[in-house]
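J.: make a model of this:
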Amino acid sequence: MAFLALFTKSFFLSAMLFVATFIYYLGFYVCKKHQNIQLSSAIVLYSLYLLMFFLVFTGGVANTGPLWIYIVAPVSLSIHGFRRGLIDIAVFTTLIILIMFIPSNIAYHAIYPIEFKLRLIYSFLTVSFLTTLYEYTRDHALKKTLELKHKYQKLANFDPLTNLSNRRVAYDILKQEQSHLSRNKEKLSILICDVDEFKRVNDQYGHNAGDAVLIELAKLFNEQIREQDCVARWGGEEFLFILPQTSAKNAAIIAEKIRSKVENHVINYQEHNIQITISMGIAQFEMDAGIDEVINHADKCLYKAKDLGRNRIQASNEN
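T.: The predicted model follows:
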């Protein structure tokens with residue numbers, strides 16, 4: 001269009017279109033080269049506004065310049081989103097009205113029939129309204145989609161009752177920690193914890209009370225572990241603790257602190273005060289040991305702790 005204006009000897013219009021083309025390319029360059037999308041968007045959008053003001057003010061070719069303003073609404077909403085885009089459109093519309101209705105004796109500009117000006121403004125507002133409605137619907141649908149995505153991601157990664165990591169995530173963490181173990185020669189231990197006589201809690205107080213116990217335990221466990229540690233719901237009333245940079249000896253100290261805390265903790269459920277105990281099995285990763293093998297060692301220690309009377313910890317290197 002700039003070349004077309006040049007061939008028709010509309011030199012000023014041609015120059016402005018060439019300038020606009022350069023500015024748009026500058027916006028593309030900023031986005032491509034510097035990855036600055038915000039600056040790039042501002043360059044494109046506000047240069048577009050200036051071009052539209054110029055076309056309305058001068059009339060463009062045969063006073064058809066104002067017909068280009070219809071692209072403003074979708075571009076504004078696309079770049080700035082619903083709320084800010086709506087403000088931009090309102091400001092743009094106000095300035096267009098001022099330009100078109102300013103008396104020519106104050107500032108000389110293209111003259112349009114009153115019918116054309118009114119219909120242009122009405123049609124522009126109609127297009128802007130429909131575009132805004134579409135953008136609102138799209139934005140609302142996008143937010144709902146993101147909420148559902150976050151919800152399903154949470155369901156995939158976290159236990160819905162305790163909000164702890166689930167078994168799958170815990171296994172993935174163990175794989176990561178095991179790779180660190182092989183590279184950095186660090187120690188890694190796990191604890192498998194089981195609630196003693198949990199069936200009695202369900203039978204005596206009901207399954208809702210059992211759920212309340214598990215929720216309370218999850219909170220207590222999170223309070224007792226270190227920042228680098230992880231606790232996950234392993235299944236039923238079993239929990240798995242992953243303790244990076246921790247030997248079996250130090251893991252036993254942590255386990256005893258947790259066991260003691262649980263033993264002295266009273267869980268209030270409705271009108272009942274529920275006291276429980278836990279048993280824990282400890283196993284340390286060795287360089288050539290697989291994850292399932294170490295978990296199996298910890299499981300055996302857990303059952304040994306239960307056989308020895310419950311409410312105790314048992315490490316794999318203990319008799």
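J.: so the spatially most central residue of the chain: helix, strand or coil?
T.: Central residue of the chain (C-alpha atoms, centre = their mean): residue 150, 7.1 Å from the mean position. The assignment at residue 150 comes out as helix when based on DSSP: H, G, I helix; E, B strand; the rest coil.
J.: am I right that residue 21 is in a helix?
T.: Yes - applying three-state DSSP, one finds residue 21 inside a helix.
J.: skip the chain neighbours and tell me the closest residue to it.
T.: Spatial nearest neighbour of residue 21, excluding adjacent residues (C-beta to C-beta, 6 or more residues apart in numbering): residue 2 at 6.4 Å. Any C-beta I mention is one placed from the backbone N, CA and C, and that applies to glycine too.
J.: same question, residue 301
T.: residue 281 (3.1 Å).
J.: which residues does that neighbour bridge with?
T.: Residue 281 has these beta-bridge partners by DSSP bridges: residue 192, residue 314.
J.: which residues does it contact?
T.: 191-192, 297-305, 313-316 (C-beta atoms under 8 Å, 6 or more residues apart in numbering).
J.: again, only using 6 Å
T.: 192, 298, 301, 302, 314 (C-beta atoms under 6 Å, 6 or more residues apart in numbering).
J.: okay, it: pLDDT?
T.: Per-residue pLDDT puts residue 281 at 96.
J.: before we move on, what about the one 10 residues further on?
T.: Turning to residue 291, the model gives it a pLDDT of 91.
J.: quick check: it touching residue 174?
T.: Yes - the criterion here is C-beta atoms under 6 Å, and residue 291 meets it with residue 174 at 5.1 Å.
J.: comparing these two, which shows the higher neighbour count?
T.: residue 174 (22 against 14; other C-beta atoms under 10 Å).
J.: check which helix or strand covers that one.
T.: Assigned by DSSP states H and E, residue 174 belongs to helix 167-184.
J.: now for that helix, which elements pack on it?
T.: strand 230-235, strand 238-244 (3 or more C-beta pairs under 6 Å, 6 or more residues apart in numbering; DSSP states H and E).
J.: measure the closest residue to residue 101 other than its chain neighbours to residue 30 for me?
T.: Closest residue to residue 101 apart from its sequence neighbours, by C-beta to C-beta, 6+ apart: residue 117 at 7.1 Å. From residue 117 over to residue 30 the distance is 36 Å, taken as C-beta to C-beta, to the nearest Å.
J.: how about the strands in the stretch 201-319 of the chain?
T.: 230-235, 238-244, 266-269, 272-275, 278-284, 313-315 (DSSP state E, counting those that start in this stretch).
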